[in-house]
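>>> 3D, please:
(chains A, B, C and D)
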Amino acid sequence: MSKLLHVEDLNIEFHDHLIPETVVYDFDLDMEPGEIVGLVGESGSGKSMSALAVAGLLSRHDMKKRGVIEFEGKNILSCSRSELRELQGDEICMIFQEPLTSLNPVKKIGWQVEEGLKIHTDMSPEERKKRAIKALEDVEIEDAQRVYDSYPHELSGGMRQRVMIAAATIGNPKLLIADEPTTALDVTVQSQIVELMKKINREKKTAILFISHDLSLVSALCERVLVMKGGYVVESGSVKEIFESPKEEYTRKLIDAIPKCGSTEDLVENGEPLAGMKDINVSFIKRKGKNKEKVHVLKDISLDIYEGEILGLVGESGCGKSTLAKTLLGLIKPDTGHVSAKFPNTQMIFQDPYGSLNPSKTVGFIMEEPLRNLTDKTPEERYALSKEMIEKVGLSEEFLQRYPSELSGGQRQRVCIATALMLGPKLIIADEPVSALDVTIQAEVLKLMMKLHMEMGISFLFISHDLRVVHQMCDRIMVMKDGEIVESGDRVKIYENPSHPYTKELLKSAGLGPGGVK
Amino acid sequence: MRSKKRDFNFILGICLLAITLIPAFVGLFWTPYDPEKMDYSMKLAGISIRHIYGCDNFGRDVFSRIMSGSGITLLIAVGTVLFGSILGTVIGCFTGYYGGLIDECLMRINDVALAFPSLLLALVIVSLMGTGKYQVMLALGLAFIPSYARIVRGEYLRIKNLDYVKAAKLAGASDMRIMFVHILPNTKTVLFSSVLIGFNNAILAEAGLSFLGIGVQPPDASLGRMLSEAQAYMFTNPSYVLFTGCTIVMLILGFSLLSKAKRWQ
Amino acid sequence: MRIFSKKTLALILASSMAVTLCSCAGNKAKSDNTDSLITIGIPQDLDDGLDPHTAEGAGTREVLFNIFEGLVKPDSNGDLKCAVASDYNINEDGTVYTFTLRDNVKFHDGSTVTVEDVKASLEKCMGNGDEPLVASFGEVLKVETPDDKTVEVYLKEPDTDFLANMTVAILPKDHLDASTELIGTGPYKFVSRSPQENIILESFDDYWGEKANIKKVVLKVVADADTIVMNLEGGSVDLMARLSTSQASQLSDKFEVCEGTMNLVQALYLNNAVEPFNKKEVRQALCYATDIKEIMDFVSDGKGTETGSSMFPAFGKYYMEELNDTYNTDLDKAKELLSEAGYPDGFEFSITVPGNYKQHVDTAQVIKEQYKKIGVNVNINLVEWDTWLNDVYMGREFEATVIGVDASQLTASSMLQRFVSDSGKNFINYNNPEYDETYQKAAASVKDDEKTEYYKQCERILSEDAANVYIQDLPNLVAVNKKFGGYEFYPLYVMDFSKLYIK
Amino acid sequence: MKYVLKKLLSCIITLFIVSFLVFAAFALIPGDPALSKLGTNATQAALDAMRHKMGLDRPFLVRYFTWLFDAVRGNFGNSYSYSMPVASLILDKIPITLTLMVYSMILMVVISVPAGVYASYKEDTPVDRVIQIANQIVMAIPPFFSGILITLFFGIVLKLFTPGGFVSLNANPLKFLGFMFFPALAVALPKSAMVFNLLYTSLNGEKKKDYVRTAYSRGNRSKTVFFSHMLKNASIPTITFLGMAFADMIAGSIIIEQVFGIPGLGRILLTSIQNRDYPVVTGIIMLIAVTVIISNMIVDIIYKIVDPRVDA
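I've put the predicted structure just below:
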């Protein structure tokens, strides 16, 4: 039986700018029917490009492709467009990372799910509708009928991804290519999607090419893994080989970067409270169409942050973490309760490195801004302090003249931290500081924050949805759900014997079940 | 981005502007003939080496008149755009940033301004303060404010929720500083292309007003007035109307190509 | 060009009338078909009401001439012929005018004209009580109808010119307010109108006199002067008057261009009450600096007739050709006079001119160029017609203006009375006791030759005193599609449709 | 429902402000309607009598509120120059200007939409480049210059229509539509260039979106992806522009009516301003204001229908 997929020294060159740029160098991949293969690498490693080439979606003429991609013996690169189209959507299907933008906003869900059938089969509309609803039920969507008639913006992130999978697998494809399907989702939803894909592989014998930058996820799903860096396949082998005895130095670095849960530094005893909130309630007026609803975001929250501590705040998106941070900073006025802060100018580090630096200003200007407004330091003093701070976060002085657009994600986040340090704050609130970064860079930034914590005695309020990072960084952890703090306690208690069911579920879906700590 | 295409737009735009702006600029100081000197023998004379654009119904050299005329038209356009964009931007800032009551009533006034034909507004100002370049500038400037205000407001609504604005607040910047030091520079690209488009609309509007006889007063002429005068001699002396018309078209085409050039985005 | 005109249309028994430079009458092979139609272009809609007694615009009265008739009616030579009246005689001392009614003259609605209708119409013009509706009817004492054939008009004081006022329209006594539906006795009757679009007239079958040749006349509003040539060439307009020379020169040979005069005095009217125009030397200097020939060249390709004072050629015996040479162009003399008056290096003044009259705007621009030679700097201030009426004519807030002054009735007084210092219409604030005294003598004298001599004396004073910088009587070019003939020039603002015919 | 009420209220306020501004404008403009009606020879007494008849001697506010009170009841007073009710004067001119605007809207859509879609579909081919340049040039031509050129080219050279030969609707509908094609074209050309531009850029913008890639991954042909997926998304900004274009087409029509000699509302507005015929000017401007506001409302409603993301 010929292999399902045989890719041999595939090279992709990109001809948009003046000088052609090679993105993928002699990429080889073989897949058997029903096999699940992982493709791991950081952003810019060429993993998505290779996947798109396999799916035949790199048809733009400024993409030069050399080499062989054989699907069941037929070379996709040389066959005619119409032959390629017969495969797409019937034999080879693909799902993408951003569920919201990957669905057509102005078309109904049902219409988009059925499209595969409309193209490849000549079923009657009723039959197609029946098949579509069955496909939606297969991906565990309750009342598929309502979802069938609704629009993409009316569904949650997880639901939308399930719709994508339903649309892709409705034609029982032989190969499903999943390009980082779970990155934009919450932890709990992430594990559900992975389970779903396992079920599809088992029942429909669909081979899956799973692309991701999250090694732990890949290890849970795939049998074989290819590690890519800078367009080259650095190493490939079974999951066990790669994890137990990585041959390549880069692979080892990748594995180390996964936050360990084993670290057992002693818990820091806490000093007096730095800042606190006393039964805070915050609600927004959300105008849904004609009627106005009062959405209750924070429900009587009280907490204290002690000096010299890193307090973790864990919860899924939409549970009110960011609102809590903004209320603590005074950016939002709570309906009831009050906020107390012993020391002035507590600072904040934001999640999206691209939105947190003013694109029209130089790094130096941004860093000196707090001094310019709140202190009467002379320009020379300001420059000296910013030079000191920029070097403290590991960047050279000449970065001060650069614009944010010239920096990488990691560098930008370092600049944010440096700016936060300018006023010598006692407390810094970090709202998901590393979740937008690649794993390796994530590790470096976390190491920097820990160093600052130790050396300058700055305490952090660390907000994240990634339980592993929280475990590595924080002493005390609070778990939030729908605007309420459901459980709080020191690290050992939360991870060893969580009491609240929601905390248990969070730990299980992050692969940190109370049993073994992976 | 197709790099070749951008240059194409940019180059064409620049040379069109060169053909129109250089004579306009030179026209401020020197013109081959005195734009107002009349010479009966040359009345409605066709194109000749001495008069490359021919002469008008007073025997005045059309090329010199276009030079000084386009100077005046550009002056009006610059004045209008400056007046309209500065005021429009300030209004846009406040309505976009603060929202609430100011936003509501200023937007109401905007709707009124859109519904109110700029023609009548121009006439009121011209009748009040007499005709002439500066009155036309004021009239058109006022008529342009709503469009700028709307554009700037949209930008402010978008930017004010971004993280770096919150960071600026945390850094103790006052509202005014945030509006003008932090947010305004980021609206540069949108403002710049809308200024160029505004420029074109100003030239068109001035030509419209002069066409209806309200704009610039004879004997000094803006392109619009010359075009309306030239129309009367369209049959016997088509060169007069065609050259004037084409100068306007080239001017506007040059600016719109420039605003299209991807160089700024 | 028509600016001022009295409400009534009157004509004095003038001896020689304007010679029409080219007669478009041509031979009169009239074909009498019932569905013939001519479209005549009019520069603006008759938007000042259609009541013949109060109609103000010259363009309006030009059309109403064909719908309404008075007891007497002017012909193309300017002589007054009997119309609704079959005969008239004036008593010895010119105080009583007796008219015999022509029998069975029909109104457009079919009813016959009676003496009551005539009496009612004349009394309407006398106005109710204090204020005469038609200014010249202030002189009328009373109107009597001794029998059903005669009407007697008694004047307060003797006036041999009053017959001209008898051309006021005769309306049916129960349709005196004619602003809505127009019923008169003229050769054409009113059919319909649509604002800013057209007005449609049709020939009146039982007209008492010579019937009109063309059945239907459509008066099409062509507001944009620049599209006139297009309309003519495109065939949507067959005849249009008062074209500029540049427009006329652009017409193909499909059209015959007849030439007459506009019967007005175009001049640079100076506000004599304003510095520096209160000094005679300054006014004379401007006259010497003006090259009228060059103005005519630019404005109307050399056509037009020069005028030396406030009188135009159509006035025949009053027109004094020799006054044209009072000031021939002489720049040195002009500069000399200027320094005498204390302005050695010239001065600056503004000309306010109505924007919708192209000939006047062009003249102002030529004058501006000419005065540069003697160091006088002119700036031109274009205003809207209504603003000109309000600010310049009524308010007299201006330094100088270029306008054409015409006469609503061909009486010398209607041209010269304006310059008497206390006259309501003396918008240039002319104040010359000698002129006032001479004018009084002219008005009082009964003998014709004596009256003429005094009026001439007035004109001479205006010219020597350089009250204004007199320029010309503008040419009136009428384009007629060669399919039509019979266009006749009248010395006054009249267009007689009934004479037109299809060749 | 509450939304519509709120919109209606704001529309009434805007109308109120516009009417006040128009009245104030006329109080400031020099020129006296009585004088322009009776002419220079009218005696002062006659002028005063006429001014009283026109009601001009009453104080400004009294005049405004009586006008407002009548206007609400549909009586917009009488025109000074045509001595006929303003309402009927406007009513019989509306069909002309309305035809011109609707005609040019249709032309605009017919010209710009297919061109925009075709050019974007054939992006970066010579065809696309040619259409782009043509679009730029058309956009740069001032409306009245395009009017002149069209009259010159179609009217005199090709003799397709007699310039200035306006035929009224009831006289001969077919000829009326035949004639109106050219002024409509003159009004439509600059606007269609803008619509083309907007459609072209938004279509190109959609090409980069993720859902297009998903559509291709399902094996769609590029034509179906273009028409069934992208076109609807790209049409949203274009529709809002169409609404705005309709509103400011009124200003364009004033100039075009002048060039083509069409006795529409624009012409009457212009002559009435010159004759200081207040009631007519106020009436027409109120009509324009109402049209602008209604067209904005229609655009909002269409926007809601087309884009499901906008909650009603």
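>>> can you show me the strands along the stretch 401-503 of chain C?
Secondary structure of the stretch 401-503 of chain C (DSSP state E, counting those that start in this stretch): strands at C:469-473, C:475-481, C:484-485, C:501-502.
>>> of the ones you listed, which is nearest chain A?
Nearest to chain A among these is strand C:475-481; the distance by Cβ to the nearest Cβ comes to 60.8 Å. (Glycine included, C-beta is placed from N, CA and C.)
>>> and the strands in the stretch 301-450 of chain A, which stretches?
Using DSSP E, counting those that start in this stretch, strands in the stretch 301-450 of chain A cover A:310-314, A:336-341, A:347-349, A:427-431.
>>> switch these over to a markdown table; also include mean pLDDT and distance to residue B:42.
Shown next, in a markdown table, are the strands of the stretch 301-450 of chain A (pLDDT from 0 to 100; distance: least, Cβ to Cβ, whole Å):
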| stretch | mean pLDDT | distance to residue B:42 |
| --- | --- | --- |
| strand A:310-314 | 87 | 86 |
| strand A:336-341 | 83 | 84 |
| strand A:347-349 | 86 | 76 |
| strand A:427-431 | 88 | 77 |
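>>> quick one: the strands of the stretch 401-503 of chain C as JSON lines, columns for distance to chain A, mean pLDDT and mean neighbour count too.
Below are those laid out as JSON lines (distance: least, Cβ to the nearest Cβ, whole Å; pLDDT from 0 to 100; neighbours: other Cβ atoms under 10 Å in any protein chain shown):
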{"stretch": "strand C:469-473", "distance to chain A": "64", "mean pLDDT": "89", "mean neighbour count": "25"}
{"stretch": "strand C:475-481", "distance to chain A": "61", "mean pLDDT": "89", "mean neighbour count": "22"}
{"stretch": "strand C:484-485", "distance to chain A": "65", "mean pLDDT": "88", "mean neighbour count": "20"}
{"stretch": "strand C:501-502", "distance to chain A": "66", "mean pLDDT": "86", "mean neighbour count": "19"}
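>>> turn the strands of the stretch 301-450 of chain A into JSON lines, including mean neighbour count.
JSON lines is the format used below for the strands of the stretch 301-450 of chain A (neighbours: other Cβ atoms under 10 Å in any protein chain shown):
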{"stretch": "strand A:310-314", "mean neighbour count": "25"}
{"stretch": "strand A:336-341", "mean neighbour count": "14"}
{"stretch": "strand A:347-349", "mean neighbour count": "25"}
{"stretch": "strand A:427-431", "mean neighbour count": "25"}
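>>> ok, residue A:254 - contacts?
A:40, A:215, A:227, A:246, A:439-440 (Cβ atoms under 8 Å, 6 or more residues apart in numbering or on different chains).
>>> need the helices for chain C, in chain order.
C:58-64, C:115-126, C:228-234, C:245-249, C:280-289, C:292-300, C:331-340, C:358-372, C:385-387, C:412-416, C:433-444, C:448-464 (DSSP state H).
>>> for chain C, see how far away residue A:469 is.
Plainly put, residue A:469 is 77 Å away from chain C if you go by Cβ to the nearest Cβ, to the nearest Å.
>>> hang on, that residue is in a helix, isn't it?
Yes: assessed with DSSP: H, G, I helix; E, B strand; the rest coil, residue A:469 lies in a helix.
>>> how about the residues of the stretch 201-312 of chain D that lie near chain C?
D:258-261, D:263, D:267-268, D:271, D:274-277 (Cβ under 8 Å from any Cβ of the partner chain).
>>> tell me which of those residues fall in helices.
D:258-260, D:267-268, D:271, D:274.
>>> possible to save those residues as CSV with distance to residue C:394?
CSV is the format used below for those (distance: Cβ to Cβ, whole Å):
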residue, distance to residue C:394
D:258, 29
D:259, 34
D:260, 36
D:267, 28
D:268, 26
D:271, 21
D:274, 17
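>>> the strands of the stretch 401-503 of chain C: which one's closest to chain D?
Among the strands of the stretch 401-503 of chain C, strand C:475-481 sits nearest to chain D (Cβ to the nearest Cβ), with 13.2 Å.
>>> partner strands of that closest one, with direction?
strand C:239-243 (antiparallel), strand C:255-261 (antiparallel) (DSSP bridges).
>>> and the helix or strand of chain A with the lowest mean pLDDT, what does it pack against?
Ranked by mean pLDDT, DSSP states H and E, the weakest helix or strand in chain A is strand A:273-288, scoring a mean of 78. On a contact count with 3 or more Cβ pairs under 8 Å, 6 or more residues apart in numbering or on different chains; DSSP states H and E, strand A:273-288 meets strand A:291-306, helix A:321-329, strand A:336-341.
>>> tell me which element residue B:51 falls in.
Using DSSP states H and E, residue B:51 sits within no helix or strand.
>>> nearest residue to it in space, please, no chain neighbours.
Leaving aside its sequence neighbours, residue B:51 sits nearest to residue B:61 (Cβ to Cβ, 6 or more residues apart in numbering or on different chains; 5.1 Å).
>>> next one, pLDDT for the one you found please.
On the pLDDT scale, residue B:61 is placed at 85.
>>> swap in residue A:29?
For residue A:29, the model assigns a pLDDT of 87.
>>> list the contacts for it?
Counted by Cβ under 8 Å, 6+ apart, residue A:29 has contacts A:5-7, A:37, A:50, A:54, A:209, A:226.
>>> helices along the stretch 51-200 of chain D, start to end?
Counting by DSSP state H, counting those that start in this stretch, the stretch 51-200 of chain D has these helices, from start to end: D:60-72, D:86-91, D:94-121, D:126-140, D:143-150, D:173-207.
>>> quick one: which of these is nearest residue C:339?
helix D:143-150 (48.6 Å; Cβ to Cβ).
>>> is chain B within reach of that closest one?
Yes: using Cβ under 8 Å from any Cβ, helix D:143-150 reaches chain B at D:143-145, D:148-149.
>>> ranges for the helices of the stretch 201-312 of chain D?
With DSSP H, counting those that start in this stretch as the criterion, the stretch 201-312 of chain D has helices spanning D:210-217, D:222-224, D:231-260, D:265-274, D:278-306.
>>> let me redo that: the stretch 1-150 of chain A
Ranges of helices in the stretch 1-150 of chain A, per DSSP H, counting those that start in this stretch, are A:47-54, A:81-87, A:99-102, A:109-120, A:125-138, A:144-149.
>>> contact partners of the fifth one?
The reference is to helix A:125-138. By Cβ under 8 Å, 6+ apart, the surrounding residues in contact with helix A:125-138 are A:110, A:113-114, A:117-118, A:123, A:144-145, A:147-148, A:162-163, A:166-167, A:169-170, A:200.
>>> report pLDDT for residue D:38.
pLDDT for residue D:38: 67.
>>> distance of the residue most central in space within chain A from chain D?
The residue lying closest to the centre of chain A (Cα atoms, centre = their mean) is residue A:183, at 4.0 Å. For residue A:183, the distance to chain D (Cβ to the nearest Cβ) stands at 14 Å.
>>> next, the contact list for that residue, please.
Contacts of residue A:183 (Cβ under 8 Å, 6+ apart): A:97, A:212-214.
>>> what of residue D:223?
Contacts of residue D:223 by Cβ under 8 Å, 6+ apart are residue D:121.
>>> in terms of helices and strands, where is residue A:210?
Going by DSSP H and E, residue A:210 is part of strand A:207-212.
>>> the following helix or strand past that strand - contacts with which helices or strands?
As assigned by DSSP H and E, the chain's next helix or strand after strand A:207-212 is helix A:215-221. Where contact means 3+ Cβ pairs under 8 Å, 6+ apart, helix A:215-221 is packed against strand A:36-41, helix A:187-204, strand A:207-212, helix A:239-244.
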